[in-house]
Every structure is written in C-alpha cells, then in structure tokens.
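Chemist: sequence-free structure coming up:
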Ligand SMILES: [Zn+2]
C-alpha cells in the first residue's frame with residue numbers, strides 16, 4: 001500500500017473516471033485481499049463521486065465484498081445504508097436539524113466494517129442493495145452470534161438479529177495466523193479475511209481450519225448520550241470505541257426514541273433518524289519518518305515524526321506514541337505506513353500501521369541526555385541514572401507542580417538548575433532572592449519577575465502535608481491518594497509503618513504500599529531536608545486522622561488530646577469506621593469503645609506505645625497547654 005494518492009488529480013476527474021477507480025480499488029480490497037490505497041483515500045474518492053453524482057448506484061455497492069450466495073432474497077423492509085458525516089461540526093449540524101431538544105437521548109454504536117446481515121427464520125441474508133439481498137445461510141456453521149446476553153453458535157439462535165458479520169480483531173490475531181486463504185496464503189487483516197471467506201462457494205476448507213466469524217447484534221454495543229453533551233464527550237467516545245476488538249470505520253449516532261426516529265422517515269437512500277460518522281474524515285495515512293524520545297516524569301516518551309498531512313485543515317507533523325509498550329505492541333518501525341487520527345483538539349495519535357518497504361527500528365538503548373543504558377520498565381522506557389539532568393528536571397518539575405508553585409515552568413527551571421545547581425525542592429526553597437537575581441539577570445529574570453518567583457517559592461514553603469507526600473513522585477501516590485493516606489496517619493507515623501500496615505489503608509493495596517514504603521526509605525535524607533525547609537500546615541480537621549482515647553489515664557484527657565492535635569490528629573469522642581486509631585489505657589480491658597473498634601477493624605494501641613510514637617510532641621509538664629497550635633515540626 002502506498003501512503004497517499006494525489007488528491008488534486010482525483011478532484012479533476014469526471015464521474016465516470018471516478019467510478020472506474022472505485023471499482024478497481026474496491027476489487028483490490030475485497031476480492032483480491034490486496035488493498036492498493038488507504039481507507040481514507042478510498043473514502044475520499046467515493047466522497048468525490050457522491051459530490052459529483054449523489055444518486056450513483058455504485059455508492060451503495062462499494063464497501064462490501066462480493067459474496068458467494070445460494071439465492072436472492074427480497075427484504076420485507078428495505079435495509080438502507082446510512083448518510084455520512086466526516087467531522088464533528090457536520091455531526092453537530094445533523095443533530096441540530098434532527099433532535100427536538102438538547103436533552104434528546106441518543107445511542108452511539110460502532111460502525112462495523114464487515115457485512116451488514118439479517119438472521120430471520122433460519123435464513124441469513126446480506127443487505128445487498130438494500131432491497132434485494134443474497135442468501136448466505138450455507139455460511140452459518142462458521143458463525144458465532146454475539147448479543148447482549150452472551151455468545152452462542154448462530155444456528156442455535158431462534159430469534160431475529162440485525163447485525164454485522166465480521167472477524168473480531170482479537171480472534172484474527174489468535175486464530176487466523178495459521179489459516180490460509182484459497183490461494184494458500186495467510187489473510188492480511190480481518191476485513192480481507194471476511195471478504196475472502198464470504199466469496200467461497202464451499203466452506204469445508206475453512207471449517208477444517210477452524211475459522212470462526214462473528215455476527216454482532218447492532219444492539220450489543222450501544223453507548224447512551226444526550227445531544228447537548230456530544231461535542232464535549234466526542235474525543236473520549238472515539239478513544240473508548242477504538243479500544244473495542246471489532247474492525248470499524250466509524251461510529252453510528254442514532255435517536256434513542258425509535259418511534260420518533262421512525263416518524264422522520266427516509267430520504268431516497270438513508271433513514272433520517274441516524275447518521276454515520278466516518279473515521280476517514282479525521283484520519284489520514286502517512287509515513288513514519290522518525291521517533292523522537294522526549295523526557296517525561298520518570299520516563300522517556302516517544303513522539304512520532306510524520307510526513308506532513310492535512311486533517312480537517314490542520315497540518316499534522318507529529319503524533320503521540322504514548323509509551324514504549326505501544327511501539328512494541330504495534331511492531332512499529334520507522335518507514336511504516338501509519339494511519340493518524342485527530343479528533344477535535346486532542347493530540348493526534350496513530351490508530352493503525354502497516355510495515356513499510358524499508359523499515360528500521362524506532363527503539364533506543366541509551367539515554368539521549370546522559371548516555372546511560374536505558375531500562376525497559378514496561379510500559380515505560382526509563383533512564384535510571386540518578387545524575388541524569390533531563391530526568392531530574394522532569395522529576396523536579398513534577399514536584400514543583402505537586403507542591404503548588406504554579407508559575408515556574410520548564411524553561412525557567414532549566415536555567416535555575418543549570419546556573420544555580422538546584423536539584424531538589426529543598427535546594428529551590430533555600431535559594432535567596434539575591435542569588436536568583438545575580439545569576440539569572442542575563443536570562444530574562446528582571447526585578448519584578450525575580451521578586452514574584454521568589455515570593456511564590458517562599459509562599460509554597462507553608463504547605464499541607466499531603467502535597468509534600470505527592471511531591472515525592474512515588475508511583476501511584478498522587479494528591480488524592482496522599483490525602484487518603486494522611487487521613488489515617490500523620491506524616492511522622494507514615495515513615496515508621498511496614499508495607500503490610502500501609503497496605504491496610506483503604507484504597508492503597510499491596511503495590512502502592514510497597515512503592516510508598518521503599519521510596520520513603522530511599523528518599524529519607526532528601527525528605528528530612530525537605531521537611532526542614534517547609535512548614536507543614538494541618539489540612540482542615542476532616543482531612544486529619546481521627547483519634548479517640550479510652551480508659552482511665554494518669555493525666556487529664558485534655559492533655560493527651562492536645563498532644564494528639566500537635567501531632568496532626570483530630571481527637572474525637574466516639575468510635576466509628578472513620579476512626580484512624582483508638583488509644584486505650586489498657587487494650588485488654590472490656591469497654592464498649594474497645595469492642596466497637598474491634599468490630600470495625602480500627603487499630604487499637606496502648607497509651608504507652610502511642611506516647612512513644614508522638615514523644616516529640618509531648619510538652620514538658622510546666623509548659624503551658626499548646627492545644628491551639630495548628631502547625632507542627634518534625
Ligand atoms: Zn539519562
């Protein structure tokens with residue numbers, strides 16, 4: 001397949017010339033299983049013909065393979081093809097003239113790229129030209145039916161099904177590697193395979209090779225939406241649907257109210273209550289010229305460099321490749337033909353690829369910054385050299401975001417790291433204003449911008465504990481999880497817990513617990529420095545771990561509660577499942593609180609043990625009460 005036809009030359013062609021081209025490419029695609037051009041180029045040519053000659057019958061016949069049939073069948077109700085749109089604005093325009101209110105309910109379904117068929121009274125027939133279909137009941141032994149309630153052999157299903165006959169992409173990978181076509185060769189992809197198999201008069205060769213086809217009921221995958229939200233959710237819907245294991249060339253949007261849809265009736269060729277959104281309007285095939293590995297937080301991120309193409313008026317030169325795993329899964333190499341999608345304002349990405357005639361690996365083995373050997377930590381590729389400048393830059397940048405310094409971007413940080421040898425958050429906090437100004441004066445840091453930056457850095461030194469925890473860049477520990485953790489434990493306590501104890505915190509799980517435990521130890525020195533540089537403010541009381549006391553204690557209850565507050569707890573009077581710790585004068589005593597704590601799996605600690613864990617906060621007895629203190633040090 002060659003990436004890209006000369007579109008200008010096609011625009012100049014007559015309808016008859018376009019028809020010839022369409023017949024030729026359709027046959028190459030379906031009958032010879034050897035596509036000569038990309039799907040989006042094929043669609044482009046059919047769109048040109050539709051513009052020049054909207055009623056052309058060929059438009060209804062393409063995009064389907066020739067099938068070997070035993071008879072013709074007249075459809076009781078015509079099986080019309082769908083009208084098509086190629087962009088979100090076109091889809092929105094269709095909605096505007098179709099829906100009654102912004103709340104109109106819609107269904108979004110895959111537009112499967114297979115053969116539209118009807119199973120009724122034990123007869124399987126194709127859509128054909130919409131009015132007369134082909135009977136293909138002899139293919140039924142190869143077919144499994146996929147419905148909302150599960151999968152079963154089609155022959156065993158007594159009901160009526162309107163759906164698409166196809167080969168699931170996962171089935172194709174697993175099963176079809178060893179299945180050969182009539183010429184003794186493997187099929188190129190699932191769509192070629194379905195075309196090839198449907199053209200067979202005798203399926204015994206396929207039965208012997210255990211080929212399986214799937215009939216998907218159109219109702220099986222159906223995502224509800226309202227007209228008002230379509231524009232907002234569209235990029236996500238596309239990405240979600242593209243993950244499904246079916247060959248697809250677009251999505252179908254239909255009115256959920258079947259009665260209303262019916263009342264709208266049909267145009268000469270299409271029902272008015274539904275529309276096909278074709279991927280070809282947002283996809284183009286081009287060539288992968290190279291892969292650039294850029295530094296992300298803790299990993300190297302591949303970016304595709306493309307032979308420039310235009311999608312919806314925007315020239316695309318680069319596309320995201322997500323991570324190393326994605327390249328390995330696709331066996332993507334430089335020189336391959338790649339199909340790029342750009343939906344709305346999201347970053348363009350590669351949806352499929354085919355090996356190019358000359359290709360070379362896109363992988364790298366050594367860090368482009370420091371030359372250190374890279375580590376495959378799938379799905380990512382990492383530089384593990386602790387001194388690697390670019391890696392440190394990205395990690396520090398992530399920490400800066402987590403701790404809440406908003407206006408220090410990558411270019412400025414790069415200068416600060418280079419000129420002032422800053423490597424960590426504590427380095428940054430310990431910079432003086434004069435230091436920043438004198439070293440960076442020549443780099444655009446003028447009086448006010450230096451002052452503003454300095455002020456923002458200083459302001460960030462007073463920080464809730466969860467932001468400090470999130471700023472450690474521990475895998476899986478973002479701001480929200482950090483909040484959850486610090487509801488159960490104070491920061492000081494956290495550093496003394498075992499992996500098992502950490503895993504008991506709701507929503508953490510063993511993997512995060514291990515990462516948290518190991519990283520708190522590995523980063524211990526840096527964390528001491530950081531904690532010395534910041535002032536932790538307790539978050540609002542509901543974000544602090546709740547503590548409760550029970551039993552007769554040597555001092556007044558208020559004295560223990562003041563220590564608890566200073567250590568970051570929120571003392572409460574009753575035992576609920578929100579309680580983080582029950583401190584008992586005698587854990588073996590029998591009290592309602594102890595019984596409740598046991599029932600709710602709330603940890604119970606003896607008074608002596610607990611006092612030991614918070615000894616830094618125990619005031620000397622002569623000192624005045626400190627219960628109002630809201631900040632604390634380590
Ligand atoms: Zn490196």
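Modeler: Looks like it came in fine. Keep in mind the model is a prediction, meaning the values are calculated, not measured. Numbering: from 1, shown residues only.

Chemist: What residue in the stretch 501-634 of the chain comes nearest to the ion?
Modeler: Residue nearest to the ion within the stretch 501-634 of the chain: residue 522 (18.4 Å; CB to the ion). No exception for glycine: its C-beta is placed from N, CA and C like everyone else's.

Chemist: what's near enough to touch that residue?
Modeler: Listed by CB atoms under 8 Å, 6 or more residues apart in numbering, the contact set of residue 522 is empty.

Chemist: measure residue 70 to the ion for me?
Modeler: 65 Å (CB to the ion, to the nearest Å).

Chemist: count of residues packed around the closest residue to that residue other than its chain neighbours?
Modeler: Closest residue to residue 70 apart from its sequence neighbours, by CB to CB, 6 or more residues apart in numbering: residue 135 at 5.2 Å. For residue 135, the number of neighbouring residues by other CB atoms under 10 Å comes to 17.

Chemist: ok, now residue 366?
Modeler: 11.

Chemist: Bridge partners for it, pull those for me.
Modeler: residue 373 (DSSP bridges).

Chemist: Could you measure from it over to residue 251?
Modeler: 43 Å (CB to CB, to the nearest Å).

Chemist: The chain against the ion: which residues are in contact?
Modeler: Residues of the chain lying close to the ion (CB under 5 Å from the ion) are 367, 369-370, 372, 383, 385, 388.

Chemist: Tell me the confidence at residue 633?
Modeler: At residue 633, the pLDDT value in this model is 36.

Chemist: Residue 291 should be in a helix, yeah?
Modeler: No - assigned with DSSP: H, G, I helix; E, B strand; the rest coil, residue 291 falls outside any helix and is strand.

Chemist: What sits closest to it if chain neighbours are left out?
Modeler: Per CB to CB, 6+ apart, closest to residue 291 is residue 362, 4.0 Å.

Chemist: wait, doesn't residue 613 sit right on residue 497?
Modeler: No - Residue 613 lies out of contact with residue 497 (CB atoms under 8 Å); the separation is 10.5 Å.

Chemist: Which one's more surrounded, the two?
Modeler: residue 497 (19 against 16).

Chemist: how about the strands in the stretch 451-600 of the chain?
Modeler: In the stretch 451-600 of the chain, the segments counted as strands under DSSP state E, counting those that start in this stretch are 462-464, 535-537, 546-550, 570-571, 579-584.

Chemist: Sheet partners, orientation included, of the last one?
Modeler: In this case it means strand 579-584. strand 546-550 (parallel), strand 604-606 (parallel).

Chemist: tell me the most buried of the ones you listed?
Modeler: Across the strands paired with strand 579-584, averaging neighbours per residue (mean count of other CB atoms under 10 Å) puts strand 546-550 on top, at a mean of 23.

Chemist: Mind giving me the ChimeraX select for the residues of the chain next to the ion, buried ones only?
Modeler: Only the buried entries of these go into this ChimeraX selection, using 16 or more other CB atoms under 10 Å:
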select :367,369,372,383,385,388
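
Chemist: Ends of stretch 561-572, what's the gap?
Modeler: Using CA to CA, to the nearest Å, the end-to-end distance of stretch 561-572 comes out at 9 Å.

Chemist: State the mean pLDDT of it.
Modeler: pLDDT averaged over stretch 561-572 gives 86.

Chemist: what about residue 304, neighbour count?
Modeler: 27.

Chemist: Would you confirm that it contacts residue 286?
Modeler: No - using CB under 8 Å, residue 304 makes no contact with residue 286, being 9.6 Å away.

Chemist: what is in contact with the two at once?
Modeler: 338, 340.

Chemist: what bits of this structure have low per-residue confidence?
Modeler: Within the chain, the segments meeting pLDDT under 70 span 1-3, 33, 63, 538-542, 620-634.

Chemist: Which residue ranges make up the domains of it?
Modeler: Domain segmentation of the chain under automatic domain parsing yields 7-61, 67-281, 283-361, 389-460, 465-537, 545-632.

Chemist: now the end-to-end length of the shortest one.
Modeler: Terminal residues of domain 7-61 are spaced 23 Å apart (CA to CA).

Chemist: do the third one as well
Modeler: Distance between the two ends of domain 283-361: 24 Å, counting by CA to CA.
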